[in-house]
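Q: the following block contains a protein sequence and its predicted model.
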There are 2 protein chains.
Amino acid sequence: MVAFPLPPGSTIGILGGGQLGRMLALAAAKLGLKTHIYCPEAGSPAFDVAADFTCAAYEDAEALSRFAASVDVVTYEFENVPGQTAAILGAAVAVAPAASILAITQDRLTEKRFIEAQGIPVPAFANVESLDDLHAAMALLGTPCVLKTRTMGYDGKGQAKIMSPAEAEAAWHAIGRKPAIAEAFVPFSAEVSVIVARGRDGQTAVFDIPLNEHRNHILHRSSVPSGLSEATEKAAREIGQKLAQSFDYVGVMAVELFVVGDRLLVNEIAPRVHNSGHWTESACMSSQFEQHIRAVAGWPLAATERFADVEMTNLIGAELEDWAKLAAEPGAALHLYGKAEARQGRKMGHVNRLKQR
Amino acid sequence: MVAFPLPPGSTIGILGGGQLGRMLALAAAKLGLKTHIYCPEAGSPAFDVAADFTCAAYEDAEALSRFAASVDVVTYEFENVPGQTAAILGAAVAVAPAASILAITQDRLTEKRFIEAQGIPVPAFANVESLDDLHAAMALLGTPCVLKTRTMGYDGKGQAKIMSPAEAEAAWHAIGRKPAIAEAFVPFSAEVSVIVARGRDGQTAVFDIPLNEHRNHILHRSSVPSGLSEATEKAAREIGQKLAQSFDYVGVMAVELFVVGDRLLVNEIAPRVHNSGHWTESACMSSQFEQHIRAVAGWPLAATERFADVEMTNLIGAELEDWAKLAAEPGAALHLYGKAEARQGRKMGHVNRLKQR
C-alpha cells in the first residue's frame, strides 16, 4: 500500500463518471494530481477531464484489478458502489471513504440504526419486510408516513407517501414489495445539510450550512446563509462532525437534516460530495471537491471560510437551454457538466449567484 | 465556419500543452466545453485534463489539418506559434486571437511600432541589424541600454544589458548577432500589467491591476491592489482596452507596463492569458482563463469583480518541494501544474494568498 500524503503527480481513482466525478477530477488537477475515472457508461462527463479512464462494468473483476493497479487511492462519486466491487478494490488499493461506511449508508435501516446509536435523532421509523410489517408500522408511526426501500433510493425514487391505512397496500406494491422502512411524516419547517470534511489525520472542517429547497424530490436550490439561528447551525455542524468521527471517515460527507422548530433530525447521509455543496466552489476559500481530494490523498484540509453570500440553483433537463442567458447574467457563476443529452430530470449544470457582503 | 456563440459540448482546440493550456482546459470544462490540446511534447500537463490531445510537431501539416477538423475554434497558450502553423489552421477553422496579431507581437520591432502608432508610449528604441546599428542606437539612446532579439525572447532570454559603449560588441555576440532592438534603460519605480478580455461582440472587461515583481527575469509575485494611484490604474486600464480595440482582439491579452513617476510605458504585449493574472482564479468572480474561453467561444464576458486582496507567488523549480507546507497554510490557495520534472527555472505551480477585506 502507498504512503500518505500522496505527492503531486499521484493518481486518484474515481468510481463514477458523472458530474461529481468530473468536479472531483477538476479539483484534483488543480492540486497537481492525476485522475483515472472508472465508469460503465460510454461518454461519461468525467472522462473528458481525466488523465485516464476505464469504461467497464462494476462487476468486471479484471478491469477493476487493472484499475486498482494503475492508481494510488480509490474514491467514488456515488454511494451505491456494489459491495463486491468495493471488496475487489479494497484488497488491492486504499479505498476512501471505507467500504464499511458504504455498507452502512447503502441501507436505510442500518444507516438509521447507526445514527441513533450515536445519540443523534432521526425521524421515528420501523423495519418493513411485509405488508403485515407495514400495518404494524403505521399503528406505531401514524399517518401520513413514508415508505422507502432500504436500498438504491435517491431523488425520491423507491419512495411512496401513505396518507391513510387504506393506501398501505398500493404503496407496498409501488415500491416493488422490497425490504423497506416506514418513516413517520416529519412536519419540517426547513431542510438543511452539513458538508463536512475529515482528513486522514482526524481533523474535520465544516462548510457553512446551506438551506435546501427541493422540487419533484430533486434539489432545486441551496442558499447560504441558511437563515437558521446560530445555535441551530452550531448543532447541525456538531451532528456532521460527530457522524464523521463515528465513521472514522476520510473524505467529504453530507448529512441532510430536517429542521422541526429548533430540533434537527437526520434525514440521510451521503458518503460523498453533495449537490447541496456546489456553491462552495464559487464562494469559499476551497470547494467541497478540493476538500475531498485533499482528505483522500492524505493532505491537510483547506480553509472553508466563505467570502460571499450565495445561492446555488440546479439546471435540470431542458433548463440547460437557458445557458446563454445565464452566461450573460452578472454575478452568476455558471457551471455546466458537459452531458450530451439533456434528458428530463437530469442534472445538467448549476449556477452560483453571489452577493457580495 | 462555425456559428458563435459555440453551444456547450463544442470543442476548443488549444495550441500548447503547458500550464496555461491546462488552466484554459479546466476553465472550458466548467463551461461544459470540451478541449483538444495540440502540443509536440509528450506528457504535456494539459493532456491530463483534456477530452483529446494531439502530440505532434507544429510543422506537421497533416496533424494540424486533422486537429482543425476536430475542433470548433482554435486558440493558443503562447505567442510564438509559427506563422505557417497559424496559416494552415486559419484556412480550416476560426482562430482567435487572429494570426495577424501573432505576427505583430512575435517581433519586438513591429510590436513597438504598432503600440506607438496608437499614441501609447513605449521606451525609446532603435532597430539594430548590425554592430554599426547598435553603436548608432547607443548614440541616440545613451547607456545603460538593453539589447533584445526581435523574436523568440521570453523570461529574459535573448537579452543583454549594455552599461557602456565598450560592452556593445560583447552584447551583440551574446544575443547571437540576430535582428534586434536596442531599448533605452527605463528607471522604473514599478512594473504592473493589464489583463484585458475582449469578446467577439467588442465588449471589453479589465481585471484589477497587479503589481509585478520579477526575480532572475521570471515573474516572482503579483500583488493586488497594486498600490498605484487611482489615476495611474485608470490610465493602465485604458491602455489595455485601447490596444485590445486596435487589434480587434478576441480573447485575453496582457500588457506589461513600466511605471516611471506617474507615466506608463508599455514594455510588451502577450497575446494570451498571462502569469500575472493567475490570482484572478482565487479572488474574482471569473478567472482570466474563463474570460479567454468565453471570448474565444463567442460567449458574453463574465464579471471581473474582485472580492479579496491577493498575492500570487510562483513556485519555480525546486520550490515545488514546499508543496506540503503550502497545502497546510490557511488562506493559501495552491495550484500545481502536474509537471513531471521540477527543472531549474521551470514554473511548477503558484499559490494565491488571500486577504479578506
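A: Nice, I can see it.
Q: what about the residue of the stretch 51-200 of chain A found nearest chain B, how many neighbours?
A: Distance from chain B to each residue of the stretch 51-200 of chain A (Cβ to the nearest Cβ) is smallest for A:Ala51, at 3.9 Å. Any C-beta I mention is one placed from the backbone N, CA and C, and that applies to glycine too. When neighbours are counted by other Cβ atoms under 10 Å in any protein chain shown, A:Ala51 registers 19.
Q: on the pLDDT front, check it for me.
A: Looking at A:Ala51, its pLDDT reads 98.
Q: for the stretch 1-150 of chain A, what lies in contact range of chain B?
A: A:5, A:7-9, A:22, A:25-26, A:29-34, A:47-51 (Cβ under 8 Å from any Cβ of the partner chain).
Q: try it again with 6 Å
A: A:8, A:26, A:29-32, A:34, A:48-49, A:51 (Cβ under 6 Å from any Cβ of the partner chain).
Q: how about low-confidence regions in chain A?
A: A:1, A:154-155, A:356-357 (pLDDT under 70).
Q: where exactly do the helices run in it?
A: A:19-30, A:61-70, A:83-92, A:99-105, A:108-117, A:131-141, A:168-174, A:230-246, A:280-283, A:288-296, A:323-327 (DSSP state H).
Q: pull the residues that contact stretch A:321-334.
A: Stretch A:321-334 is contacted by residues A:282, A:351-354, B:8, B:299-300, B:303 when judged by Cβ atoms under 6 Å, 6 or more residues apart in numbering or on different chains.
Q: one step back: now, which of the residues of the stretch 1-150 of chain A next to chain B sits nearest chain B?
A: A:Gly32 (2.8 Å).
Q: so who does the residue lying closest to that closest one once chain neighbours are set aside touch?
A: With sequence-adjacent residues excluded and distances taken as Cβ to Cβ, 6 or more residues apart in numbering or on different chains, A:Gly32 is closest to B:Leu336, at 2.8 Å. Contact partners of B:Leu336, counting by Cβ under 6 Å, 6+ apart, are A:8, A:31-32, B:349.
Q: isn't A:Leu147 right up against A:Ala171?
A: Yes. Counting by Cβ atoms under 6 Å, A:Leu147 does reach A:Ala171; the two are 4.8 Å apart.
Q: which neighbours do the two have in common?
A: A:Ala160.
Q: farthest-separated two in the contacts of B:Leu336?
A: A:Leu31 and B:Gly349 (9.2 Å; Cβ to Cβ).
Q: higher neighbour count, those two?
A: A count of neighbours by other Cβ under 10 Å puts B:Gly349 above the other of A:Leu31 and B:Gly349, at 26 against 23.
Q: spatially nearest residue to the residue of the stretch 151-300 of chain A found nearest chain B (excluding sequence neighbours)?
A: Going by Cβ to the nearest Cβ, chain B is nearest to A:Pro300 of the stretch 151-300 of chain A, at 4.2 Å. Counting by Cβ to Cβ, 6+ apart, B:Ala328 is the residue found nearest to A:Pro300 once chain neighbours are left out, at 4.2 Å.
Q: can you pull the phi/psi pair for that neighbour?
A: phi -90, psi 0 (degrees, to the nearest 10).
Q: neighbours around it, how many?
A: 14.
Q: so the residue in the stretch 251-357 of chain A positioned nearest to chain B bridges to which residues?
A: Closest to chain B within the stretch 251-357 of chain A is A:Leu336: 2.8 Å, counting by Cβ to the nearest Cβ. Beta bridges link A:Leu336 to A:Gly349, B:Leu31 when assigned by DSSP bridges.
Q: that older thread, mean neighbour count and distance to B:Pro97 for the helices of chain A - can I get that in JSON lines?
A: Below are the helices of chain A laid out as JSON lines (neighbours: other Cβ atoms under 10 Å in any protein chain shown; distance: least, Cβ to Cβ, whole Å):
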{"stretch": "helix A:19-30", "mean neighbour count": "28", "distance to B:Pro97": "25"}
{"stretch": "helix A:61-70", "mean neighbour count": "16", "distance to B:Pro97": "39"}
{"stretch": "helix A:83-92", "mean neighbour count": "17", "distance to B:Pro97": "46"}
{"stretch": "helix A:99-105", "mean neighbour count": "19", "distance to B:Pro97": "49"}
{"stretch": "helix A:108-117", "mean neighbour count": "18", "distance to B:Pro97": "54"}
{"stretch": "helix A:131-141", "mean neighbour count": "17", "distance to B:Pro97": "66"}
{"stretch": "helix A:168-174", "mean neighbour count": "16", "distance to B:Pro97": "59"}
{"stretch": "helix A:230-246", "mean neighbour count": "18", "distance to B:Pro97": "48"}
{"stretch": "helix A:280-283", "mean neighbour count": "24", "distance to B:Pro97": "28"}
{"stretch": "helix A:288-296", "mean neighbour count": "29", "distance to B:Pro97": "32"}
{"stretch": "helix A:323-327", "mean neighbour count": "17", "distance to B:Pro97": "21"}
